[in-house]
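> What follows is a protein structure lacking sequence information:
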Ligand SMILES: Nc1nc2c(ncn2[C@@H]2O[C@H](COP(=O)(O)OP(=O)(O)OP(=O)(O)O)[C@@H](O)[C@H]2O)c(=O)[nH]1
């Protein structure tokens, strides 16, 4: 945890309270990254978005992030201790854009540490296992905890059902009904995914309030594992 960048403050960066963090590229070294970044003209700015990924123990949060950022899958379970961190960089219309993906521990004993990193999120991804109805029930509590540290009117919510490859079509369609109900209640977009196969499928026709400023973030997250230019893992940062 001590190697991670500090939690971002709530609200906006230097452009006011929009929740977006606009930082000159050269300000990144204060987090211990990009130490050798060349000098950038003032217009060269990173748009930084923080995404937190929450959910029960072993539902597949780390695998989801690894599929998204590195296009890899590890079948061996290694519990996340506290929080972990990945950064994804890409360009939208020539603007350098960075996603901070915060992988939080599902284990109860680490919840206290992990929740200190919830603040300042632009998106909350709540993950459950489509084969475990209990993990779907717990998503409401995960969301409530994450929203204590964030402005509910200013975050994009995703409910993600993981491990779809392990369920039969009949089992899945039963679960999907419940998941869509929960997603509707939360005003979240629902996705079912398999980090093993890389499959992702959007469920239902959710009516989400239009937030044009957030289109790029939503667009970058939705096609799980696509549209990236490069990924930087926390382990690379530590070199
Ligand atoms: N078949 C299959 N297994 C998966 C999938 N996603 C995760 N797993 C497996 O589920 C186990 C837990 O995955 P993790 O991603 O570590 O779970 P987590 O939610 O990050 O767990 P914590 O860090 O303890 O909160 C691992 O053994 C993974 O290989 C999936 O889509 N399909």
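Cool, the structure landed. What you are looking at is a predicted structure, and each value in this text was computed from that prediction instead of being measured.
> pLDDT averaged over the helix ranked longest in the chain - what is it?
Identified as the longest helix of the chain according to DSSP state H is helix 169-186. Averaged across helix 169-186, the pLDDT comes to 96.
> Please, where are all the helices along this protein?
Counting by DSSP H, the helices of the chain are 61-70, 111-115, 133-137, 139-148, 169-186, 215-221, 234-237.
> Which of those has the highest mean neighbour count?
Neighbour counts (mean count of other CB atoms under 10 Å) averaged over each of these peak at helix 61-70, with a mean of 23. Any C-beta I mention is one placed from the backbone N, CA and C, and that applies to glycine too.
> What helices and strands are in contact with that helix?
strand 45-55, strand 83-92, strand 95-104, strand 123-129, strand 156-162, strand 230-233 (3 or more CB pairs under 8 Å, 6 or more residues apart in numbering; DSSP states H and E).
> same question for it, mean pLDDT?
The average pLDDT within helix 61-70 is 92.
> Run the angle between it and strand 83-92 for me.
If you take axes from the mean of the first three to the mean of the last three CA atoms, to 10 degrees, helix 61-70 sits at 30 degrees to strand 83-92.
> thinking again about what came up before, out of the helices of the chain, the one nearest the ligand is which?
helix 61-70 (3.4 Å; CB to the nearest ligand atom).
> so the closest one versus strand 45-55, what angle?
Between helix 61-70 and strand 45-55, the angle comes out at 150 degrees (the same axes, to 10 degrees).
> what about helix 61-70 and the ligand, touching?
Yes. With CB under 6 Å from any ligand atom as the criterion, the ligand is reached by helix 61-70 at 61-63.
> Stretch 97-108 too?
Yes. Stretch 97-108 lies within reach of the ligand by CB under 6 Å from any ligand atom, at 105-107.
> quick one: low-confidence parts of the protein?
For the chain, the stretches with pLDDT under 70 are 1-46, 92, 204-239.
> Report how many residues lie close to residue 108.
Using other CB atoms under 10 Å, the number of residues around residue 108 comes to 9.
> That one - nearest residue in space that isn't next to it in sequence?
Excluding the flanking residues, the one nearest residue 108 by CB to CB, 6 or more residues apart in numbering is residue 57, at 7.9 Å.
> How about the residues of the protein by the ligand?
For the chain, the contact set with the ligand under CB under 6 Å from any ligand atom comprises 55, 57-63, 74-75, 77, 79-80, 105-107, 162-163, 165-166, 194-196.
> Put the buried members of the residues you listed into a PyMOL selection.
Of the residues of the chain next to the ligand, the buried ones can be selected in PyMOL as follows, counting by 16 or more other CB atoms under 10 Å:
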select buried, resi 55+57+58+59+60+61+62+63+80+105+106+162+163+194+195+196
